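> I'll drop the sequence and a predicted model, then ask my questions.
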Amino acid sequence: MKAGRLGQLLGIDYPVIQGPFGGGLSSVSLTVAVSEGGGLGSYGAHHLRPGAITKLVAELKASTTRPFAVNLWVPLGREEEPRLNDVELGRHIERIRPYYNALSIDAPSAEDVRSQPCFDEQVDALMAAGPPAVSFVMGIPPHRVIRRAKRLGIAVIGTATTVDEAIALENAGVNVIVASGSDAGGHRGSFLKPVRESLVGTFSLVPQVADAVALPIVAAGGIVDSRGVTAALALGADAVQIGTGFLATRESGASVIHKKALVGSQARTTVLTRLFSGRTARGIPNRFVREMAAHEEDVPPYPIQNALMQPIRRAAAEQGRGDYVNLWAGQAAALTPVGLGAGEYLASLVEARRR
């Protein structure tokens, strides 16, 4: 299995990209293991401040000579301008106060909630650090970023959830388009229309995007084993991006309870929810999701809800409380192999495709 034109562009041996995970689920060891194995390792950095991004890229470069990608989220609308006053913020805190109490932790301060990384500063630090590739979700990266990346020889990967988004990304000048179907776990990246109008399954989306644009296409969502890889390539994809399968590997930053959930029977059911971050994401439903389901439309937008929930997610993971942690998972999570290292998992995909 060769990487074809995507291999020439990105310098990878096999057409497999590891999906980037934010919020501490990525790890340097996971990224490096995938890159060393011949795929493209990725690291989700949307939660990191500029200085941390600089250190991250330096550590990745020191750990591997193979190509890798660093991922950022493009802000939607006015997300970088939190608009809630103290009274409104207090109301949102009180809604989830029982969960702070259940975990014996304090609610974050208003200053912590409003102090979030600046996208422009993040992307400037990333360009200065010079990773081999950068990837973006949630929108089209600014034209200045695409131009600068191309001057520096950095490949730019955009993410589309619809055909129209793919066309917009091609027109903007990105090098590669990830066609992310609604099967995918984690956050939905829709940006031209609301998420509810952009829920196209991976194997409906990929051939339509392949027909609509000339760029290399990466299929993402609901792909966990070699059968999914075969199907994606047959439908016109140049490569696949796998998130959930790599999230379950030993090197990922996911908690023990998250990894156990991915390979358990509960992974057969996933839902879309805004409750953990303020942006729609797919995960395995648990007690928190079910108890708070009536408030899906009441929670504040990202990044405010994300900041309010961060202490709960962290404490729940540390305490082994699966009822309160975000269990991101795609719709094919139940197919995830158990207990593999990232290199072993990548090799299993490659070897299966060779037969």
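In hand now; what should we look at? Numbering: from 1, shown residues only.

> pop out the phi and psi values for residue 158.
Dihedral angles of residue 158 (phi, psi; degrees, to the nearest 10) stand at phi -110, psi 160.

> what's the burial count for it?
27 (other CB atoms under 10 Å). All C-beta spots, glycine's among them, are computed from the backbone N, C-alpha and C.

> surely it touches residue 167?
No - the pair residue 158 / residue 167 is not scored as a contact, 11.1 Å apart, by CB atoms under 8 Å.

> now residue 146: which helix or strand?
helix 143-152 (DSSP states H and E).

> extract the CA atoms of that helix and return them as CSV.
What follows is helix 143-152, C-alpha atoms only, in CSV (Å, rounded to 0.1, in the frame of the first residue of the first chain):
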residue,chain,number,x,y,z
HIS,A,143,-5.2,33.6,3.6
ARG,A,144,-2.1,35.2,5.2
VAL,A,145,-1.5,31.9,7.0
ILE,A,146,-1.8,29.8,3.9
ARG,A,147,0.5,32.1,2.0
ARG,A,148,3.1,32.1,4.8
ALA,A,149,2.9,28.3,5.1
LYS,A,150,3.6,27.9,1.4
ARG,A,151,6.5,30.2,1.5
LEU,A,152,8.0,28.1,4.3
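
> can you list contacts of that helix?
Residues outside helix 143-152 that contact it (CB atoms under 8 Å, 6 or more residues apart in numbering) are 123, 127, 130, 134, 155, 156, 172, 173, 174.

> hey, what's the residue lying closest to the fifth one once chain neighbours are set aside bridged with?
By the measure of CB to CB, 6 or more residues apart in numbering, the closest residue to residue 155 outside its immediate chain neighbours is residue 133, 4.1 Å from it. Taking DSSP bridges, one finds residue 69, residue 155 as the beta-bridge partners of residue 133.

> what is the neighbour count of residue 133?
Neighbour count for residue 133, taken as other CB under 10 Å: 23.

> list the contacts for it?
10, 40, 67, 68, 69, 70, 154, 155, 156, 157.

> which helix runs longest in the protein?
Using DSSP state H to define each element, the chain has its longest helix at helix 304-319.

> which of the helices or strands spans the residue of the chain most remote from its centre?
Taking CA atoms, centre = their mean, the residue of the chain most remote from its mean C-alpha position is residue 87, at 32.4 Å. Per DSSP H and E: residue 87 is located in helix 86-95.

> distance of the nearest residue to residue 269 once chain neighbours are set aside from residue 275?
Distances taken as CB to CB, 6+ apart put residue 285 closest to residue 269, at 6.4 Å, once the chain neighbours are dropped. Distance of residue 285 to residue 275, given as CB to CB, to the nearest Å: 10 Å.

> give me the neighbour count for the residue nearest to residue 269.
14.

> is it in a helix, a strand, or coil?
When classified by DSSP: H, G, I helix; E, B strand; the rest coil, residue 285 comes out as coil.

> residues contacting it?
Applying CB under 8 Å, 6+ apart, the residues near residue 285 are 269, 270, 271, 273.

> sorry, back to before: tilt between the longest helix of the chain and helix 86-95?
30 degrees (axes from the mean of the first three to the mean of the last three CA atoms, to 10 degrees).

> put the alpha carbons of helix 304-319 into CSV.
Output of helix 304-319 as CSV, limited to C-alpha atoms (Å, rounded to 0.1, in the frame of the first residue of the first chain):
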residue,chain,number,x,y,z
ILE,A,304,-16.8,29.4,27.6
GLN,A,305,-18.5,26.0,28.2
ASN,A,306,-15.2,24.3,27.4
ALA,A,307,-13.5,26.3,30.2
LEU,A,308,-16.4,25.6,32.6
MET,A,309,-16.2,21.8,31.9
GLN,A,310,-12.4,21.5,31.9
PRO,A,311,-12.0,21.0,35.7
ILE,A,312,-14.8,18.4,35.6
ARG,A,313,-13.3,16.5,32.7
ARG,A,314,-9.8,16.5,34.2
ALA,A,315,-10.9,15.5,37.7
ALA,A,316,-13.3,12.8,36.4
ALA,A,317,-10.4,11.2,34.4
GLU,A,318,-8.1,11.4,37.4
GLN,A,319,-10.7,9.8,39.7
